[in-house]
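Visitor: for reference, the sequence and a predicted model appear below.
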Amino acid sequence: MKFRAFHRQYARLVTIGKTVGILLIVIMLASAFVLERYYIARVAVDNGKLHDEVELLQKNRDYLQSKVSHLESLEQIGAVAKEKFGLTTPRPDQIVWLSLPKEEYDSNPAIVERTLHHLEHLYSELPIPFFVRSESRASGRSSK
């Protein structure tokens, strides 16, 4: 009898415990679902921001490439050379044309030899001092 009294007294508690347990499980599952949706929405917002930033960076890259192309153009370089450095277009008497006889091209020398020949031809008329090797000997005796 004591067992039945105990059972009746705590049967309601067990039922309430089961109900509370089930409610807690449902609440936890619902909160997990809400949190998961929140994380998905947050990732979508971050993805949108990154996409906008990528578009902005691509526009900046395109702008900078066009600016570099403009600065590298021969017209721009010529304008800067005239404006900042006072350079002008060379006169025909200032231009030196380098040419090699046909025989040298036919013999097909190495590129280093051709380059040295070009430089030799270019500097042949310039008055450049050359050092000449000389030999001198000193004797071990002193003359008195």
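Guide: Structure received. Residues are numbered from 1 along each chain as shown.
Visitor: contacts for stretch 72-88 next, please.
Guide: His70 (CB atoms under 8 Å, 6 or more residues apart in numbering). Bear in mind the C-beta positions are built from the backbone N, C-alpha and C, glycine included.
Visitor: pull the number of nearby residues for Gly78.
Guide: 13 (other CB atoms under 10 Å).
Visitor: what separation is there between it and Gln58?
Guide: Distance from Gly78 to Gln58, counting by CB to CB, to the nearest Å: 31 Å.
Visitor: quick check, pLDDT for Glu74.
Guide: You called it Glu, but residue 74 is Leu. The predicted structure scores Leu74 at 81 on the pLDDT scale.
Visitor: quick one: it from Ala81, how far?
Guide: For Leu74, the distance to Ala81 - CB to CB - is 10 Å.
Visitor: looking at the chain, which helix or strand is least sure?
Guide: When each helix and strand of the chain is scored by mean pLDDT, DSSP states H and E, helix 102-106 comes last, with a mean of 59.
Visitor: quick one: neighbours of Val68, just the number.
Guide: Val68: 10 neighbours (other CB under 10 Å).
Visitor: any idea which element it lies in?
Guide: helix 2-72 (DSSP states H and E).
Visitor: I'd like the next helix or strand past that helix.
Guide: helix 74-85.
Visitor: alpha carbons only: can I get that following helix in CSV?
Guide: What follows is helix 74-85 as a C-alpha-only set of coordinates in CSV (Å, rounded to 0.1, in the frame of the first residue of the first chain):
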residue,chain,number,x,y,z
LEU,A,74,53.9,57.6,-76.5
GLU,A,75,51.9,60.8,-76.7
GLN,A,76,51.9,61.2,-72.9
ILE,A,77,55.6,60.4,-72.6
GLY,A,78,56.4,62.9,-75.3
ALA,A,79,54.2,65.6,-73.6
VAL,A,80,55.9,65.0,-70.2
ALA,A,81,59.4,65.0,-71.9
LYS,A,82,58.6,68.4,-73.5
GLU,A,83,56.9,69.9,-70.5
LYS,A,84,59.2,68.8,-67.6
PHE,A,85,62.5,68.3,-69.3
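Visitor: who's more crowded, Leu74 and Ala81?
Guide: Higher neighbour count among Leu74 and Ala81: Ala81, with 13 against 7, using other CB under 10 Å.
Visitor: what's the per-residue pLDDT of Glu36 here?
Guide: Value for Glu36, per-residue pLDDT: 96.
Visitor: thanks a lot, catch you later.
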